[in-house]
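J.: kindly generate the corresponding structure for this input.
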Amino acid sequence: MSTDVMIHADNLTKMFGSVVALDRVSFDVHKGEVVGFLGPNGAGKSTTMRILTCFISPTSGTAKIHGHDVFEQPLEVRQKLGYLPQRAPLYSEMTVWSYLQFTARMRGLDEVEFKKRLRKVVEVCGLAQVLGKDIRTLSHGYRQRVGLGQALIHDPPILILDEPTSDLDPNEKAEVISYIREVGKERTVLLSTHNLSEVEAACARAIIVSKGRVVADGTLDDIRAKTGRIRYVVSVHEKMAEGSHQPPKAGEVQGALQTLKGISTVREIPSDDRAHGFELIVNGEHDIRPEIFRMIVDKGWTLLELHRDAQTLGDVFRDLTQGESRMARGLRSQVEDEEEEDSDDEGRDEDEEDSDDEDSDDDSKNEKKD
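T.: Numbering: from 1, shown residues only. Next up is the predicted model:
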C-alpha cells in the first residue's frame, strides 16, 4: 500500500442478520484529497463511516486509517481521526469553551496545547462569538460548527464527516461547506452526503455507492463522462430569416434534428414565445455542433442558441442509483414487470386450455345424452 494512502478499505462487507449493508466495498483516499462519499439513503454510507471510525466491525474485509488497522489498532486510529457523525455528539448543558476543553482532555491534550489549538479551531470554525454560550442556546448551524471543532481540536490529519449539513438551512449549509473547504487545505477529508451540490462545491473526487456497492470512483469530470452521453441545447427562432416565407414549426425543427447522425434523443424544452427549444442527447464524444449549425443555415432558420454540456453529476448519479430509488419507493424494475407479465401470460394460456378441456368434456357429455 502506498505511503500516501490515508484511508484504505479492502472488500468491506457488513451483514446485519440476513441484510447485506456493505458488499465488498474497496477504495483508497490519498493524502490531501477531499473526497465526496455519495449515495441514496440506505446505500451504506453511514455503515462505512462507522467501520472506518471503529464504532462497528466489518463482517469481512479490512480497513486502515493512516496505516493502522481499525480492528486491531483502534486507539491509534482514533488519534489520527477527526469524526463528525450525522448528529454531532454535544452536551447541551456545557458552554462551547467547556465542551471543547472536555473533548481535548479526552484526547490527551494538556492545557497549554488546548489553548493553542483552540485559537486555530475558533478561527477556522467561526466560534469566537459563542465560546461562552451554552450549547443548547445555539442554532443548528452553530452546533454543527461546534461539532466540527471537536473533530479538529486534536489536529488530526484525517477528517471523516457524515452528513454534516443535515437539518441546516441553505445559509447554514453554505457556511459549513465553506469551513470544510478551509480545513481541507491541510487535511484528508472524506465527506459523506447525498447532496450533489455540496460535493461539487467542496470535492475534486467522488465515490458513489448503491445497494452497498461502489458503482463509481473518480474525479468529478470522469464520473460525469461515465455514461458516455453528451447533451446539446438548441434554440431556433420561430420566424424565418430575411428573404424566407414560411416560419418553422416545432415538429419540423425536431424532425430535422433527429436526422443528424449520432443523436439518440431529441426532446422539446420550455422556451420563450420567440423560439423553439430542444435538448439533444448524443452517444459518443464526437462534437456535432458544426452539423447542427450547417443544417439550420441550410434550412434558412435563425439559430438563437447552441451549446454542448457533459452529463451533470446529478444525471450520472440517477443513472447509477435509480434501481435503489425505485426499490425504496416500492417500484419494481422493468425486468420484474416483464417476468410477471410472462407469468400472467402463461397462467392465462393454462386457464384457456383448462377452459377448452371443460368445454370439450361438456360437449362430449351432451353427445352421449343425445
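
J.: could you verify my assumption that Val183 touches Ile177?
T.: No - counting by C-beta atoms under 8 Å, Val183 does not reach Ile177; the two are 11.1 Å apart. (Each C-beta comes from the backbone N, C-alpha and C, glycine too.)

J.: so what touches stretch 143-151?
T.: 82-84, 88-90, 96, 99-100, 103, 121-122, 125-127, 130, 135, 138, 159, 161, 164-165, 168, 172, 175-176, 179-180, 183 (C-beta atoms under 8 Å, 6 or more residues apart in numbering).

J.: buried ones from the residues you listed, can you make that a PyMOL selection?
T.: Burial among these is assessed by 16 or more other C-beta atoms under 10 Å; the matching PyMOL selection reads:
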select buried, resi 82+83+84+88+90+96+99+100+103+121+122+125+126+127+130+135+138+159+161+164+165+168+172+175+176+179+180+183
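
J.: okay, and Val29 sits in which element?
T.: strand 19-30 (DSSP states H and E).

J.: before we move on, what about Asp217?
T.: Under the criterion of DSSP H and E, Asp217 resides in strand 213-219.

J.: now do that strand: distance to the chain's middle.
T.: Distance of strand 213-219 from the chain centroid (C-alpha atoms, centre = their mean, to the nearest Å) equals 10 Å.

J.: now that strand against strand 19-30, angle please.
T.: Put simply, strand 213-219 runs at 20 degrees to strand 19-30, going by axes from the mean of the first three to the mean of the last three C-alpha atoms, to 10 degrees.

J.: now strand 213-219: buried residues?
T.: Neighbour-count burial for strand 213-219 flags Arg213, Val214, Val215, Ala216, Asp217 (criterion: 16+ other C-beta under 10 Å).

J.: closest one of those to Arg205?
T.: Nearest to Arg205 among these: Asp217, at 7.9 Å, using C-beta to C-beta.

J.: before we move on, the earlier item: given the strand holding Asp217, what are its sheet partners and their directions?
T.: strand 205-210 (antiparallel) (DSSP bridges).

J.: which outside residues touch the partner strand?
T.: Where contact means C-beta under 8 Å, 6+ apart, the residues beyond strand 205-210 that reach it are 25, 27, 33-40, 43-45, 48, 199, 214-220, 223, 313, 316-317, 320-321, 323-324.

J.: now a PyMOL select for only the buried ones of those.
T.: Buried residues among those (16+ other C-beta under 10 Å), as a PyMOL selection:
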select buried, resi 25+27+33+34+35+36+37+38+39+40+43+44+45+48+199+214+215+216+217+220+223+313+316+317+320+321+324
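
J.: in strands, which of the contacts of strand 205-210 fall?
T.: 25, 27, 34-38, 214-219 (DSSP state E).

J.: can you redo these as a markdown table with distance to Cys54 and pLDDT?
T.: Formatted as a markdown table, those follow (distance: C-beta to C-beta, whole Å; pLDDT from 0 to 100):
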| residue | distance to Cys54 | pLDDT |
| --- | --- | --- |
| Val25 | 17 | 95 |
| Phe27 | 18 | 96 |
| Val34 | 22 | 92 |
| Val35 | 20 | 94 |
| Gly36 | 22 | 94 |
| Phe37 | 17 | 94 |
| Leu38 | 23 | 91 |
| Val214 | 21 | 94 |
| Val215 | 26 | 92 |
| Ala216 | 27 | 91 |
| Asp217 | 23 | 93 |
| Gly218 | 28 | 90 |
| Thr219 | 29 | 89 |
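
J.: wait, which of those is closest to Ser60?
T.: Proximity of the ones in strands among the contacts of strand 205-210 to Ser60, judged by C-beta to C-beta, is greatest for Val25, which lies at 10.9 Å.

J.: what sits closest to that closest one if chain neighbours are left out?
T.: Closest residue in space to Val25, ignoring its immediate chain neighbours: Leu12 at 4.4 Å, by C-beta to C-beta, 6 or more residues apart in numbering.

J.: ok, that neighbour to Asn41 distance?
T.: As judged by C-beta to C-beta, to the nearest Å, Leu12 and Asn41 stand 19 Å apart.

J.: quick one: which of those two has more around it?
T.: Higher neighbour count among Leu12 and Asn41: Leu12, with 26 against 11, using other C-beta atoms under 10 Å.

J.: which residue lies nearest the spatial centre of this protein?
T.: In the chain, the residue lying closest to the centroid (C-alpha atoms, centre = their mean) is Leu38, at 3.6 Å.

J.: any idea what the residue lying closest to that one once chain neighbours are set aside is bridged to?
T.: Leaving aside its sequence neighbours, Leu38 sits nearest to Ile208 (C-beta to C-beta, 6+ apart; 4.6 Å). When bridges are called by DSSP bridges, Ile208 pairs up with Leu38, Ala216.

J.: count of residues packed around Ile208?
T.: 24.

J.: OK, contacts around the residue nearest to the centre of the chain?
T.: Contacts of Leu38 by C-beta under 8 Å, 6+ apart are Lys45, Thr193, His194, Leu196, Val199, Ala206, Ile207, Ile208, Val209, Phe317.

J.: mind checking how far the closest residue to the first one other than its chain neighbours is from Val209?
T.: The shortest distance from Lys45 to any non-neighbouring residue, by C-beta to C-beta, 6+ apart, is to Ser192 (4.5 Å). When C-beta to C-beta is the yardstick, Ser192 and Val209 sit 10 Å from each other.
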